[in-house]
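K.L.:
What shape does this take:
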Amino acid sequence: MTYYLIAGERSGDLHGANLIRSIGQHDPQASFRAYGGEQMEAAGAVLVRHYREMAFMGFVEVARNLGTIRRIMRECQADLLAHRPDVLILIDYSGFNLRIARFAKAHGIRVFYYIAPKVWAWNPGRARKIKASVDRLFTILPFETEFFARYDYTVDYVGNPLLDALASFRSDPSFLDKLPADQRPGHARPIVALLPGSRRQEIVGMLPTMLAATRHFPNYRFVVGTVSNLPDDLYNDLLRDYSDVARVNDAAYDLLTVATAALVTSGTATLETALFNVPQVVCYKASKVFYAIARRAMAVRFISLVNLIADREVVTELIRDFSEETTVAELRSILPGGPRRADQLAGYADVRQRMGEPGASERAGALMVQALADGKRQ
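P.N.:
Numbers count the residues shown, from 1 in each chain. So this is what the prediction gives:
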């Protein structure tokens with residue numbers, strides 16, 4: 001079988017790579033073509049375009065790059081028709097992928113969607129449009145089965161692929177020692193992780209406030225988790241006045257294994273931090289206008305996956321009031337001895353119980369191969 005995958009960001013690249021490996025185990029003749037990143041390419045896909053060329057976020061950034069987005073979409077559509085895969089597998093990245101889904105469906109290409117668009121958060125009615133253009137939907141959050149059932153749409157809940165990534169992760173016990181000597185965290189001071197995101201807009205918007213908060217905690221050592229798909233100069237400029245703050249590149253999981261607490265930009269990293277059992281403050285910078293619009297449009301009470309899965313506030317979400325002062329206060333509350341630390345850790349246990357066991361990539365891959373085989377026999 002031929003498989004065409006599209007992932008538009010770093011986490012999708014990781015989950016796409018694991019899915020490719022699973023499909024390959026069940027379909028030894030499988031061939032893969034993809035929009036993604038290094039991990040999907042290393043797993044065996046022919047990489048058509050890297051996700052860094054597609055990573056636009058926020059209303060303004062998307063508007064500024066509409067021409068580029070439309071050009072990439074036309075190229076993707078043409079490439080799909082030129083290769084006509086047995087199935088198109090879309091991974092998250094809903095703004096782009098839902099349009100591609102409609103195009104593929106209209107041209108007789110079978111469409112699977114892995115990691116469902118978060119329509120339950122912003123526009124529940126779009127579930128009907130997904131049902132119309134997606135042949136098989138594979139979900140990763142436990143509450144999504146009930147949500148899509150309201151629209152008479154039966155989905156395949158396969159569990160969360162983050163559990164797979166964590167199950168296969170092996171920490172490097174000496175990774176901090178590999179830092180330059182002047183950046184190694186002092187062993188006498190506990191470490192607080194700063195995870196500002198993986199996209200330029202997130203980092204520019206979030207990291208300055210996170211860094212400002214570090215000055216209030218001289219007894220802790222702060223380490224920034226950086227990513228290699230962004231230039232060093234970006235981090236160098238932001239960290240210029242913070243010589244005591246260290247950094248580790250593409251090593252967020254290693255960092256979380258040694259962290260006492262974390263400041264985390266809202267996104268997948270909030271759930272990863274919870275699964276590593278590290279107390280956190282969830283941060284997101286939004287203008288007053290954006291916040292007012294978003295609150296009216298949102299159909300859920302929370303933005304972090306931790307709180308959404310728990311269906312209650314486990315972690316504090318700093319959105320409207322993300323500032324140096326509020327960040328300092330919330331971080332202090334979850335450090336050892338802080339009043340919220342024990343409750344947050346107890347909440348994490350509930351989240352892990354609700355998520356179930358590892359094996360999402362294996363289950364999804366097996367179901368996809370079986371569905372294609374069944375379709376061939378019909």
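
K.L.:
contacts and neighbour counts: CA atoms only from here.
P.N.:
Noted.

K.L.:
Break this protein into its domains for me.
P.N.:
Using automatic domain parsing, the domain parsing of the chain gives 2-159+359-377, 176-355.

K.L.:
For stretch 210-227, buried residues please.
P.N.:
For stretch 210-227, burial by neighbour count (16 or more other C-alpha atoms under 10 Å) applies to 210-215, 220-227.

K.L.:
hmm, back to that, dump the domains of the chain to JSON lines, plus distance to residue 169.
P.N.:
Putting these into JSON lines (distance: least, C-alpha to C-alpha, whole Å) gives the following:
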{"stretch": "domain 2-159+359-377", "distance to residue 169": "12"}
{"stretch": "domain 176-355", "distance to residue 169": "8"}
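
K.L.:
So which residue is dead centre in this protein?
P.N.:
What sits nearest the mean C-alpha location of the chain, by C-alpha atoms, centre = their mean, is residue 268, with 3.5 Å.

K.L.:
hey, C-alpha coordinates of the helix or strand hosting residue 137 in CSV?
P.N.:
For residue 137, the host element (DSSP states H and E) is strand 136-139. Taking C-alpha atoms only, strand 136-139 is exported to CSV below (Å, rounded to 0.1, in the frame of the first residue of the first chain):
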residue,chain,number,x,y,z
ARG,A,136,-11.9,7.1,9.4
LEU,A,137,-11.1,9.2,12.4
PHE,A,138,-8.5,8.0,15.0
THR,A,139,-8.8,9.9,18.3
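
K.L.:
after the helix or strand hosting residue 78, next one along is what?
P.N.:
According to DSSP H and E, residue 78 maps onto helix 66-83. The C-terminal neighbour of helix 66-83 among helices and strands, as given by DSSP H and E, is strand 87-91.

K.L.:
For that following strand, output the C-alpha coordinates as CSV.
P.N.:
What follows is strand 87-91, C-alpha atoms only, in CSV (Å, rounded to 0.1, in the frame of the first residue of the first chain):
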residue,chain,number,x,y,z
VAL,A,87,-4.7,6.6,1.7
LEU,A,88,-4.0,10.1,2.9
ILE,A,89,-3.3,10.2,6.6
LEU,A,90,-3.7,13.6,8.2
ILE,A,91,-2.1,14.3,11.6
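
K.L.:
just to revisit the earlier point, outside of the helix holding residue 78 itself, list whatever touches it.
P.N.:
By C-alpha atoms under 8 Å, 6 or more residues apart in numbering, the list of residues contacting helix 66-83 from outside reads 4, 54, 96, 100, 103-104.

K.L.:
With stretch 205-223 instead?
P.N.:
For stretch 205-223, contacts defined as C-alpha under 8 Å, 6+ apart pick out 185-186, 189-194, 196, 238-239, 242, 244-248, 255, 263, 265, 283-285, 323-325, 327-328.

K.L.:
again, 6 Å this time
P.N.:
189-194, 196, 245-247, 324, 328 (C-alpha atoms under 6 Å, 6 or more residues apart in numbering).

K.L.:
Give me the neighbour count for the residue nearest to residue 38 when sequence neighbours are not counted.
P.N.:
Spatial nearest neighbour of residue 38, chain neighbours left out: residue 13 (7.5 Å); criterion: C-alpha to C-alpha, 6 or more residues apart in numbering. Using other C-alpha atoms under 10 Å, residue 13 has 25 neighbouring residues.

K.L.:
Can you verify residue 13 is assigned to a helix?
P.N.:
Yes: Residue 13 sits within a helix when classified using DSSP: H, G, I helix; E, B strand; the rest coil.

K.L.:
can you tell me how far residue 235 sits from residue 282?
P.N.:
Noted for residue 235: a distance of 21 Å to residue 282, by C-alpha to C-alpha, to the nearest Å.

K.L.:
Give me the buried entries from the contacts of helix 66-83.
P.N.:
The neighbour-count test (16+ other C-alpha under 10 Å) marks 4, 54, 96, 100, 103-104 as buried among the contacts of helix 66-83.

K.L.:
Single out whichever of the residues you listed has the smallest pLDDT.
P.N.:
Ranked by pLDDT, the buried ones among the contacts of helix 66-83 bottom out at residue 54, which has 72.

K.L.:
Which residue comes closest to that one once chain neighbours are left out?
P.N.:
Closest to residue 54 by C-alpha to C-alpha, 6+ apart is residue 8, at 6.1 Å.

K.L.:
All the strands of the stretch 1-150 of the chain, residue numbers only.
P.N.:
For the stretch 1-150 of the chain, the strands defined by DSSP state E, counting those that start in this stretch cover 2-7, 31-36, 46-50, 87-91, 111-114, 136-139.

K.L.:
by contact count, what packs against the first one?
P.N.:
The reference is to strand 2-7. Applying 3 or more C-alpha pairs under 6 Å, 6 or more residues apart in numbering; DSSP states H and E, one finds that strand 2-7 contacts strand 31-36, strand 87-91.
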